[in-house]
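S.K.: Quick one, fold the following:
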Amino acid sequence: MQAIARLIGLGFIGLCLITVTLKAFLPLGVLGYAPLAIPLGPSGQPIEIVVWYGTEKRAWLEEAVARFEASGSNINGRPIQVRLVGMGSREIADRIARQEWGNEGIPTVASPASSLWIELLRSDWSARNGADIVVGDTTALVLTPIVAVAWEERANVLWPQGVAHFWPDLHAALSDSGGWPSVAERNGFGTTTPQGQAAQNWGLVKFGHTSPLTSNSGAQSLILMAYAYHNKSSQLSPADVLDEDFQRWLEEMEAAVLDFGDSTGTFMTNMVQFGPSKYDVVMVYENLAIENVEAAQGRWGQPLRVYYPPATTFSDHPFAVLGDPLTTPAQREAAAVFGEFLISRPIQDLALQFGFRPADPNVSIVTNDANNPFNRFASYGIQVDIGQQVQTPSGETISTLLDLWRRRIGPYALRFDGNNP
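M.R.: Model (predicted):
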């Protein structure tokens, strides 16, 4: 019996040694993963996925990644590691199309702020390489509209009757060389009124938005201006963009902008840090307004409030998995697992806490939770219901609009930063 037991033991040890050797040198999956799921060789190596994402959702994504990796998600025993690389939405599309990786590494997933940039990426990649670089359908992760953030005292002078004429009133103020004193007088606040007296010290109206050539919020702001000028909410056309009167109107608006940065978050941060000496009104994402509006209260002697244009547009933060030749099958599978995690109910609930509107229609933003930001910051202008949404223009219209901005407005940006936008 001892000889038999010894023989069985030696046989088992030999089987284990053979299995370990084969798992170390044969391709992943040849042997399967049971009953000896020994984490050696390829099956134990992590699968890294690199996510190039729009920085507007940095805080939410970083927390989501921490939870994802803590959950032990894996594929056949191989842990999934996520590396986040934040950058501007336009930069994401342009750099992938040109295959300019820099030090960031080849992306597995592209997640700009809007699907607009995924469509431009697909078009540019196809033109260069004759194929589609995106695998399957994209998934919307979270939603957030473009809003205006303004100092309440100044907004009350600019829009005394509310924001029904948001863009025409702002255009009139920006193109008025008399600055705030002139705006106050035109809107019924004479020099003897408290508003008129305060306006004497405010200087010119200071408006900010990001460059539409590098930032999604800048492009969306530009689209809203074009729609507002033509007094419609759909079917913006290249002919509308090429209208000479519109071009003059837009140039008057943009000539008053002090600088066109690449980061929407920077505009919001500067608004809070430097107060009304830096900006009076800026266009940002709703989630960034929610994230920062409380920090500004009481800091500059007047409240900072959120204002919704009569018509706005949403960013849907798509999750697009990239294909050959940029990614491996294992990376694509891991990316799909991570994408499913991001749209799971707990992580969509988490998105709400960071000021996003969940993409999952089953997650309501109307709750009784006092910490729900749509309840917590309602007094600052945050609202559940928003106005009309404009239609996303065609790719041709968007390209025409961006080309117009580059030719007619770009020189104004050069005055301040010395760089070609």
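S.K.: Give me the nearest residue to S215, chain neighbours excluded.
M.R.: Nearest residue to S215, sequence neighbours excluded (Cβ to Cβ, 6 or more residues apart in numbering): G88, at 5.2 Å. Using the backbone N, CA and C atoms, a C-beta is placed for each residue, glycine as well.
S.K.: and the gap between the one you found and W125?
M.R.: Shown here: G88 relative to W125, a distance of 18 Å by Cβ to Cβ, to the nearest Å.
S.K.: One more: G179?
M.R.: 47 Å.
S.K.: the more surrounded of these two?
M.R.: Each of G179 and W125 has its neighbours counted (other Cβ atoms under 10 Å); W125 has more, 21 against 17.
S.K.: Pull the number of nearby residues for G301.
M.R.: Neighbourhood size, G301 [other Cβ under 10 Å]: 9.
S.K.: And the one 4 residues further on, by the same measure?
M.R.: One way to gauge burial is a neighbour count; for R305, by other Cβ under 10 Å, it gives 22.
S.K.: likewise S399?
M.R.: Look at S399: counted by other Cβ under 10 Å, it has 15 neighbours.
S.K.: How far does whichever strand or helix holds it sit from its chain's centre?
M.R.: In this assignment (DSSP states H and E), S399 forms part of helix 395-404. Computed by Cα atoms, centre = their mean, to the nearest Å, the chain-centroid distance of helix 395-404 equals 20 Å.
S.K.: If you average the pLDDT over that helix, what comes out?
M.R.: For helix 395-404, mean pLDDT is 89.
S.K.: same deal with stretch 64-71?
M.R.: Mean predicted confidence for stretch 64-71 is 97.
S.K.: what comes into contact with that stretch?
M.R.: Under the criterion Cβ atoms under 8 Å, 6 or more residues apart in numbering, residues 79-82, 84, 338, 341-342, 346-347, 350 lie in contact with stretch 64-71.
S.K.: repeat for stretch 238-257
M.R.: By Cβ under 8 Å, 6+ apart, the residues outside stretch 238-257 that reach it are 170-171, 174-175, 204-205, 207-209, 225-226, 229-230, 396-397, 400-401, 404-405, 408-409, 412.
S.K.: need the contact list for R98.
M.R.: Counting by Cβ under 8 Å, 6+ apart, R98 touches R128.
S.K.: and the most centrally placed residue in the chain, what element?
M.R.: The centroid of the chain falls nearest to A113 when counting by Cα atoms, centre = their mean (3.1 Å). Here A113 sits in a region with no helix or strand, counting by DSSP H and E.
S.K.: pretty sure it contacts R58?
M.R.: No. In this structure, A113 is not within contact of R58 by Cβ atoms under 8 Å, at 11.6 Å.
S.K.: which secondary element of the protein has the worst mean pLDDT?
M.R.: Taking mean pLDDT, DSSP states H and E as the measure, the helices and strands of the chain show their lowest mean at helix 2-25, namely a mean of 46.
S.K.: Quick check: next helix or strand after that one?
M.R.: Downstream of helix 2-25, the next assigned helix or strand under DSSP H and E is strand 47-54.
S.K.: Can you pull the domain assignment for the protein?
M.R.: The chain breaks down by automatic domain parsing into domains covering 41-141+316-358, 144-315+382-417.
S.K.: Q195: what's it in contact with?
M.R.: By Cβ under 8 Å, 6+ apart, the contact list for Q195 reads 153, 156-157, 184, 189.
S.K.: mean pLDDT for the domains of the chain: which is lowest?
M.R.: The stretch with the lowest mean pLDDT among the domains of the chain is domain 144-315+382-417, at a mean of 90.
S.K.: Any idea how far that one is from the middle of the chain?
M.R.: Centroid separation between domain 144-315+382-417 and its chain, computed with Cα atoms, centre = their mean, is 18 Å.
S.K.: ok so, going back, among the contacts of Q195, which lie within helices?
M.R.: Using DSSP state H, 153, 156-157, 184 are the members of the contacts of Q195 that sit in helices.
S.K.: What's the ChimeraX syntax to select whichever of the residues you listed are buried?
M.R.: Here is the ChimeraX command that picks out the buried ones among these, judged by 16 or more other Cβ atoms under 10 Å:
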select :153,157,184
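S.K.: Tell me the one of the ones in helices among the contacts of Q195 nearest P358?
M.R.: Lowest distance from P358 to those (Cβ to Cβ) belongs to N156, with 32.8 Å.
S.K.: any idea which element the closest residue in space to that closest one that isn't next to it in sequence lies in?
M.R.: Nearest non-adjacent residue to N156, counting by Cβ to Cβ, 6+ apart: Q195, 7.1 Å away. Q195 belongs to helix 194-199 when assigned by DSSP H and E.
S.K.: Which SSE is immediately downstream of that helix?
M.R.: strand 207-208.
S.K.: In PDB, list the C-alpha atoms belonging to whichever helix or strand comes after that following strand.
M.R.: Per DSSP H and E, the first helix or strand lying C-terminal to strand 207-208 is helix 216-229. Output of helix 216-229 as PDB, limited to C-alpha atoms (Å, rounded to 0.1, in the frame of the first residue of the first chain):
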ATOM      1  CA  ASN A 216     -15.600  70.300 -26.000                       C
ATOM      2  CA  SER A 217     -17.300  73.000 -23.900                       C
ATOM      3  CA  GLY A 218     -15.800  75.600 -26.200                       C
ATOM      4  CA  ALA A 219     -17.200  73.900 -29.300                       C
ATOM      5  CA  GLN A 220     -20.600  73.400 -27.600                       C
ATOM      6  CA  SER A 221     -20.700  77.100 -26.600                       C
ATOM      7  CA  LEU A 222     -19.900  78.100 -30.200                       C
ATOM      8  CA  ILE A 223     -22.800  75.900 -31.400                       C
ATOM      9  CA  LEU A 224     -25.200  77.500 -28.900                       C
ATOM     10  CA  MET A 225     -24.200  80.900 -30.100                       C
ATOM     11  CA  ALA A 226     -24.800  80.000 -33.700                       C
ATOM     12  CA  TYR A 227     -28.200  78.500 -33.000                       C
ATOM     13  CA  ALA A 228     -29.200  81.600 -30.800                       C
ATOM     14  CA  TYR A 229     -28.300  84.000 -33.500                       C
END
